[in-house]
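S.K.: please work out how this folds:
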Amino acid sequence: MSYEAVLMQVRSVPEACLDEISNYIDYVVYRYEKQAKTTPKQKGNLSKYFGIMDLGDGLEIQKEMRDEWN
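M.R.: Numbers count the residues shown, from 1 in each chain. This is a model prediction of the structure:
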């Protein structure tokens, strides 16, 4: 939906309803701002759910695994 479409809807509403529409817009903005403050930014990191393991350098681990068969 675009601003123009919303403006056309608002222009078609009787003036007696403008106060109620204004209050609703204020409420929607308030909810949006409140949600933006409380919702943490997603970083794509699942370590808080599963923990992390530091196994060292992955390349060194691969080399050791390959040398095991020699």
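
S.K.: pull the residues that contact the one helix or strand residue 29 maps to.
M.R.: Using DSSP states H and E, the secondary-structure element containing residue 29 is helix 18-38. Contact with helix 18-38 is made by 10, 13, as judged by C-beta atoms under 8 Å, 6 or more residues apart in numbering. C-beta here means a position set from N, CA and C on the backbone, and glycine is covered the same way.

S.K.: tell me the mean pLDDT over whatever helix or strand residue 48 lives in?
M.R.: Counting by DSSP H and E, the element that carries residue 48 is helix 47-50. Model confidence over helix 47-50, given as mean pLDDT, is 70.

S.K.: buried stuff in it?
M.R.: Within helix 47-50, not a single residue qualifies as buried, counting by 16 or more other C-beta atoms under 10 Å.

S.K.: so how far is the helix holding residue 29 from its chain's centroid?
M.R.: 18 Å (C-alpha atoms, centre = their mean, to the nearest Å).

S.K.: check residue 19 and give its pLDDT.
M.R.: Confidence at residue 19, expressed as pLDDT, is 94.
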